[in-house]
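Engineer: predicted model and sequence below, questions to follow.
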Amino acid sequence: MAFTLQQLADRIGARIEGDGSVKVTGCAPIDIATSDQITFLANAKYLRNLETTQAAAVLIDTKTTCPGHLNRLVCDDPYFAFRNLMIELHGFRRHPLPSDDYLAGVSSQAIIHPEATISEGAVIHPFAVVECGATIGNNTVLYPGVFVGPEARVGNDCILYPNVVIYDYCTLGNRVTLHSNTVIGQDGFGYATHSGAHHKIPQTGIVVIEDDVELGAGCAIERSTMGETRIGKGTKFADLISIGHGTTIGNHCLFVSLCGISGSVDVGNYVVIGGQVGVVGHLRIGDGVQVMAKSGVASDVPDGMKVGGAPAVSYTTAKKNALAGAGLYELVKRVRKLEKEIEFLKADHKT
């Protein structure tokens, strides 16, 4: 569907500068957008593309100077406005009904225990399994291969993509999205070493996923030994993230791929963890903390601090360490040369 720039500006609360009658059919990155697409600028790195972009218009903030030939949709937050435009022009993924015979959205090839509760509007695809005592909320979608264990609860408007596993007694809130092969509630890594052998400790706790959480593909959230492992509301994970048993993740956190958080860690609200970060167990990471990619967090981090490196130190120190490390080989060569000169001077002095 095509919209005029003026129509889109009205829908997202932007101001038009240029020709509002131009029609667009989609969104695209600034360097490849065509004359029927709209783009955005939210990073100064791409300022140079304003001169060459072929886009019909650009979403831009009030402070950025834009070439006069470009149509502009001016707003306070171009990236959020771009998000809203994507919804207007493309919408979210639509979830199909099962392709085989089904009754009220439940495939005839799904395996539903007679004592499970399936709420109104739920869609359950072939080869999904819902065990005894489990509850599936209103309008929730279970794709093929999903397993929901005994007494587990899945809230309303959730989306569980193929091969997601929810172990027994674990709880998902409303509007939770779990991408393929994510596992909720597998046993925590708990063993008591005795007489040279590792003896398994029963993991009797659960996992609680609060409302509006989205976890990427291949994430693994361990159940706690006792009590619960919890992921706070609004938190978003990328792919391949592991959360240890008994850990609590706060509200509205962002975790990039390949993070590993050990057990019994207390992570605050609005924490951002970069890719390939490792966190040792039994720590407190405060509200608003940001951790640089490939860092190793080995001690508590106060509220609002930015850290990096392994072990993690303040962001400023981490940058200095990285710069120093970049010239380490040359420094070693200089030290070796100086050592040889010192040895030569010592030998000369003895003679």
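Structural biologist: Thanks, I have the structure now.

Engineer: now for the residue most central in space within the chain: which residues touch it?
Structural biologist: In the chain, the C-alpha nearest the mean C-alpha coordinate belongs to residue 237, at 2.4 Å (Cα atoms, centre = their mean). If a contact means Cβ atoms under 8 Å, 6 or more residues apart in numbering, then residue 237 has 214, 215, 216, 219, 255, 259 as its contacts. (C-beta placed from N, C-alpha, C; glycine too.)

Engineer: now, of those residues, which are buried?
Structural biologist: Those of the contacts of residue 237 that meet the buried threshold are 214, 215, 216, 219, 255, 259, by 16 or more other Cβ atoms under 10 Å.

Engineer: need these in a markdown table (columns: pLDDT).
Structural biologist: Shown next, in a markdown table, are the buried ones among the contacts of residue 237 (pLDDT from 0 to 100):
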| residue | pLDDT |
| --- | --- |
| 214 | 98 |
| 215 | 98 |
| 216 | 98 |
| 219 | 98 |
| 255 | 98 |
| 259 | 97 |
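
Engineer: narrow those residues to those in helices?
Structural biologist: The helices, defined by DSSP state H, take in nothing from the buried ones among the contacts of residue 237.

Engineer: so which of these are in strands?
Structural biologist: 214, 215, 255 (DSSP state E).

Engineer: quick check: the last one vs residue 132, distance?
Structural biologist: As defined by Cβ to Cβ, to the nearest Å, residue 255 lies at a distance of 33 Å from residue 132.

Engineer: same check, this time on residue 65
Structural biologist: Residue 65 is 64 Å from residue 132, by Cβ to Cβ.

Engineer: now swap in residue 83 and tell me
Structural biologist: For residue 83, the distance to residue 132 - Cβ to Cβ - is 41 Å.

Engineer: do the same with residue 222
Structural biologist: 23 Å.

Engineer: next: residue 29.
Structural biologist: Using Cβ to Cβ, we find residue 29 at a distance of 49 Å from residue 132.

Engineer: how about the helices of the stretch 201-350 of the chain, start to end?
Structural biologist: 315-326, 328-350 (DSSP state H, counting those that start in this stretch).

Engineer: looking at those helices, which has the lowest confidence?
Structural biologist: Comparing mean pLDDT across those, the lowest value falls on helix 328-350: a mean of 88.

Engineer: follow-up on the earlier one: can you redo the helices of the stretch 201-350 of the chain as TSV with distance to residue 87?
Structural biologist: Formatted as TSV, these follow (distance: least, Cβ to Cβ, whole Å):
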stretch	distance to residue 87
helix 315-326	34
helix 328-350	49
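
Engineer: mean neighbour count, these: which tops it?
Structural biologist: Highest mean neighbour count of the helices of the stretch 201-350 of the chain: helix 315-326, a mean of 12 (counted as mean count of other Cβ atoms under 10 Å).

Engineer: not counting its own residues, what contacts it?
Structural biologist: In contact with helix 315-326 (Cβ under 8 Å, 6+ apart) are residues 290, 292, 295, 305, 306, 307, 308, 309, 312, 313.

Engineer: which of those are buried, as a PyMOL select command?
Structural biologist: Buried members of those, defined by 16+ other Cβ under 10 Å, are picked up in PyMOL with:
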select buried, resi 290+292+295+305+306+307+308+309+312
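
Engineer: out of the contacts of helix 315-326, who's nearest residue 280?
Structural biologist: Taking Cβ to Cβ as the measure, residue 312 is the one of those closest to residue 280, at 10.3 Å.

Engineer: thought residue 162 was touching residue 141?
Structural biologist: No: with contacts counted by Cβ atoms under 8 Å, residue 162 stays clear of residue 141, the gap being 11.0 Å.

Engineer: between the two, which is the more surrounded one?
Structural biologist: residue 141 (22 against 16; other Cβ atoms under 10 Å).
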